[in-house]
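**Q** mind looking at a prediction? Sequence and model below.
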Amino acid sequence: MAEIILVSSGKGGSGKSSFTAGVSRALAFNGYKVLAIDCDVGLRSLDLLLGVSDRVVFDWGDVILGRCTADKAIVSGEVSLLAAPPKYNDAFSPEAFAKLVKSVKSEFDYIFIDSPAGIDRGFQIAAAGAEKAIVVTTPDSVCVRSCGRAFDELYASGLTDVRLIINMFEVKPVCKRKLLNIDQCIDETGVQLLGVVPRDPNLGYCSVTGTVPSEFSPSTLAFSRIAKRLTGKRVPLVCE
Ligand SMILES: Nc1ncnc2c1ncn2[C@@H]1O[C@H](COP(=O)(O)OP(=O)(O)O)[C@@H](O)[C@H]1O
Ligand SMILES: [Mg+2]
């Protein structure tokens, strides 16, 4: 039975999709069966980040609308993917989405739901399918505040098992006085820390070329540590 984990942030561009792809790959590398669900309706990206865009035929909207089964819509691979539909339909309710996710729960060890930006419709749909959540912030006040808002929304809806990822962290940031340190991010979001992902230029390069960062790149090493922590292993928080 899969653990169903929402990846959220409130704000766009904090690295939710990159995190989802990276941690999903790290878990798959360790032998776990992982499904990543793209919830960014109209702006899907996980298919590109997982390198399977050529193989996407159906999406979860097609499943909810009865055009195909979930098994047919899931693109299998190192990490399996359920792509986001190109536009909203009135039938895409939080209940219908939650039912779909539950129907495939027994086939995987981990299911990640990659939330869109914002805390409105797409976020509500994505959160409905989840049992736990990870909020991804960058170490700046704007993103940290939006993560705090997302956390409040999740908590109010009963999703209380929430952990924080600080992404694009720099030990020696260019604009040091403008960025928050790890303790400030934790204090201002009010969320317990799961891991820290360093700023990694390889990630940006790979997202435009459709390639995968090397196993030695700082973000790959961080995703691997976070994947281990998710599975309950005691791995120290190491920042590159
Ligand atoms: N740790 C990181 N270091 C450098 N660039 C990153 C990092 N994480 C994400 N990015 C880049 O930031 C941009 C937004 O990331 P993305 O995962 O699409 O964010 P979101 O899904 O939250 O909108 C992408 O260009 C991605 O390559
Ligand atoms: Mg995204």
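**A** Sure thing, it's come through. Ligands and ions are numbered 1, 2, ... in the order given.
**Q** and the helix ranked longest in the chain, what does it pack onto?
**A** As assigned by DSSP state H, the longest helix anywhere in the chain is helix 141-156. Judged by 3 or more CB pairs under 8 Å, 6 or more residues apart in numbering; DSSP states H and E, helix 141-156 is in contact with strand 3-8, helix 121-128, strand 132-137, strand 162-169, helix 182-189. (Each C-beta comes from the backbone N, C-alpha and C, glycine too.)
**Q** buried stuff in that helix?
**A** Neighbour-count burial for helix 141-156, counted by 16 or more other CB atoms under 10 Å, picks out Cys143, Val144, Ser146, Cys147, Gly148, Ala150, Phe151, Glu153, Leu154.
**Q** ok, so of those, who is nearest Val56?
**A** Using CB to CB, Ala150 comes nearest to Val56 of those, at 27.2 Å.
**Q** residues contacting the residue of the chain at minimum distance from ligand 2?
**A** Nearest residue of the chain to ligand 2 (CB to the ion) works out as Ser17 at 3.3 Å. Taking CB atoms under 8 Å, 6 or more residues apart in numbering as the criterion, Ser17 is in contact with Asp38, Asp40, Ser45, Leu46, Leu49, Asp114.
**Q** count of neighbours near the first one?
**A** Neighbouring residues of Asp38 were enumerated by other CB atoms under 10 Å; the total is 29.
**Q** partners of it in the sheet?
**A** As for beta bridges, Asp38 partners with Asp114 under DSSP bridges.
**Q** so what pLDDT did it get?
**A** Per-residue confidence at Asp38 stands at 98 (pLDDT).
**Q** and the gap between it and Val79?
**A** In this view, Asp38 and Val79 are 12 Å apart by CB to CB, to the nearest Å.
**Q** and the closest residue to Asp140 other than its chain neighbours, how many neighbours?
**A** Excluding its sequence neighbours, the residue lying closest to Asp140 (CB to CB, 6 or more residues apart in numbering) is Leu179, at 5.9 Å. Neighbourhood size, Leu179 [other CB under 10 Å]: 17.
**Q** try the one 3 residues further on
**A** Using other CB under 10 Å, Ile182 is surrounded by 15 other residues.
**Q** what pLDDT does it get?
**A** 89.
**Q** just Leu6 next, same as before
**A** 97.
**Q** go on, Gly210?
**A** 76.
**Q** packing partners of the least confident helix or strand in the chain by mean pLDDT?
**A** Of all helical and strand segments in the chain, the minimum by mean pLDDT, DSSP states H and E falls on helix 201-209, at a mean of 83. Judged by 3+ CB pairs under 8 Å, 6+ apart, helix 201-209 is in contact with helix 16-29, helix 218-230.
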